[in-house]
Each structure stands twice: as structure tokens, then as C-alpha cells.
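**Student:** Model the following, please.
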Amino acid sequence: MGNIQNLCVAHRGFSGIAPENTMAAIQRAMQESYVEWVEVDVQLSKDGVPLLIHDFTLNRTTNGRGPVGERTWAELKSLDAGSWKAPEYAGERLISLDEFLEAIAGRLRANIEIKTQGNMYPGIEEKIVSAIRRYRMEDEVVLTSFEPRVLAKVKEIGRGIRTGLIVDEKPRDLFIRLQMLHCSFLSLNYRYLTAELATKAARCGIEVMAWTMNDVRKLRRVRAKGDKVLLCTNWPDRWLKAMSCVRS
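**Tutor:** Presented below is the predicted three-dimensional model:
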């Protein structure tokens, strides 16, 4: 689409239509030529397989129950991760990080959030970095986290892979924190984005993604803060309307 600004990030895939973090949502996003980025969440199975899922429990988005990390990959991939969204997605399953990377290679860039708390998933950073290297996608991904310790670990072991801090509060000492963590990416709740912050980030070489706007008006409002800001949405088709000059 030429030199378009405010690139579209499909949040957990095209998750407005298809069940989030599944192959159906990823493929649906890839069908839209204007989608250039996807954001997903990665955790570990009990036997150490990185997989896509947002919540720390299975309850909301599968027919399973209890913590993700207490099930083996064989158990996890047998669950139904689609029926909760709509009957036509019955049988849609959870996917591994490897399956995801293979599907998007050469088509989408990915913001991969490392979902962990404390020492919930020992070795998760190594597993994710290893998968990215296996698919030679070091230049096509950014690894993000709320936890500075996780980002420091990625920097230590994943030379050349970009990292980003996730912020869900009014930013304080933000650029000092980003500099100390050697982050070149900021994933920010759109409510805290200002034009001043967007300008400073661009000047400092920090790429900003604002999340998550699901109506055209909000997308346009965030777009007005800075033309380099990535716009993260569950509904990429609404991004397309927001970017058009014609008012919906």
C-alpha cells in the first residue's frame, strides 16, 4: 500500500472475527493486504513448548480449565479454542510458536508478548529466541513484556532481536527506562499516548505501538497523535476506514 503511515497491527490476529491467537485469526489477518503487523501472546506448556495464548488460565478461550502451564503440549493442543467465539470455529486449536512463525514468515512482522509473571516460566526467553532463530526471523519480530527482567534476559541471549516495554499507566521516566533496557519499541495503552510523547519517541528512534482501539473514531484520534504510531486493533477493517479520508 505504498508509503502508508500508522501501520495496522492485528491484535491477536483478526480477533474481532476469529478466535484470538489461533491460526484462524492469523490467516484471516493475512488475507488483508493492508495488515503488516500482528500482535500475539506466548506462554509455555508444562513440557516447555511455547504456544500462543493470552490468559494465564485456559477458562476463557478454550474448553479446558486451570493454568496453562500445568498442561503438556499434547494436552493443550487437544483442546477446543474456537467454540467460545462462534460455532463455526469449533475444533480450532491452540497453536505453537513454531506453527505461528512458519505461517507468517515473509508476510507479517510480529510483536510477540512474553506472557509471564515472576518465575512462572523458567527458560521462556531462551525457547522463544531459539524459535525465532530457527525461522531466521530476527529482523521481523520484536519481543515485548511488562517485565524489565524478561527484556534484559532477551537482550543478553538474543543479540540482534529488538525488545519493547509494555506500559499500561501514565509513563514516568519513560525514555530513561527504555534507554536503560536498550529497548527500541514501546507498546503503550492508547489512553496514555500524547503527540509530545510520539514526537519524542520518533526523535529517539523508538517505535510506538498504541493498543487497543476498536472503533473508527478512536483509531482516528490516536492516528492524529503521530503518523509513525502503529495502531493495534481487533478489527483491521476498521483501521482501513479510519485511514481513509471518507468519514464513516
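
**Student:** list the helices and strands the strand ranked longest in the chain packs on?
**Tutor:** Counting by DSSP state E, the longest strand found in the chain is strand 35-44. Using 3 or more Cβ pairs under 8 Å, 6 or more residues apart in numbering; DSSP states H and E, the elements in contact with strand 35-44 are strand 8-11, helix 23-30, strand 50-52, helix 97-104, strand 109-114, helix 124-134, strand 207-211. Heads up, the C-betas are built off the backbone N, CA and C, glycines and all.

**Student:** do that again at 6 Å, thanks
**Tutor:** The helices and strands touching strand 35-44, judged by 3 or more Cβ pairs under 6 Å, 6 or more residues apart in numbering; DSSP states H and E, are strand 8-11, strand 50-52, strand 109-114.

**Student:** Spit out the contact partners of the most centrally placed residue in the chain.
**Tutor:** The residue at the geometric middle of the chain, judged as the C-alpha nearest the mean C-alpha position with Cα atoms, centre = their mean, is residue 39 (2.2 Å). Neighbour list for residue 39: 9, 11, 111, 232 [criterion: Cβ atoms under 6 Å, 6 or more residues apart in numbering].

**Student:** what sits against the closest residue to it other than its chain neighbours?
**Tutor:** With Cβ to Cβ, 6 or more residues apart in numbering as the measure, residue 111 is the residue that lies nearest to residue 39, at 4.3 Å, once sequence neighbours are left out. Listed by Cβ under 6 Å, 6+ apart, the contact set of residue 111 reads 39, 142, 144.

**Student:** Tell me the pLDDT of residue 111.
**Tutor:** pLDDT, the model's per-residue confidence, is 99 for residue 111.

**Student:** any idea how far residue 187 is from it?
**Tutor:** Relative to residue 187, residue 111 is positioned 7 Å away (Cβ to Cβ, to the nearest Å).

**Student:** One more: residue 163?
**Tutor:** When residue 163 is compared with residue 187 (using Cβ to Cβ), they lie 11 Å apart.

**Student:** same deal with residue 51?
**Tutor:** Applying Cβ to Cβ, one obtains 20 Å for the distance of residue 51 from residue 187.

**Student:** Please enumerate the helices of this structure.
**Tutor:** Under the criterion DSSP state H, helices of the chain are mapped to 23-30, 73-76, 97-104, 124-134, 148-157, 174-180, 195-203, 216-223, 236-243.

**Student:** Quick one, which of the ones you listed gets closest to residue 46.
**Tutor:** Distances from residue 46 to each of these were compared using Cβ to Cβ; the shortest belongs to helix 73-76, at 7.9 Å.

**Student:** That's all I had, so thanks and see you.
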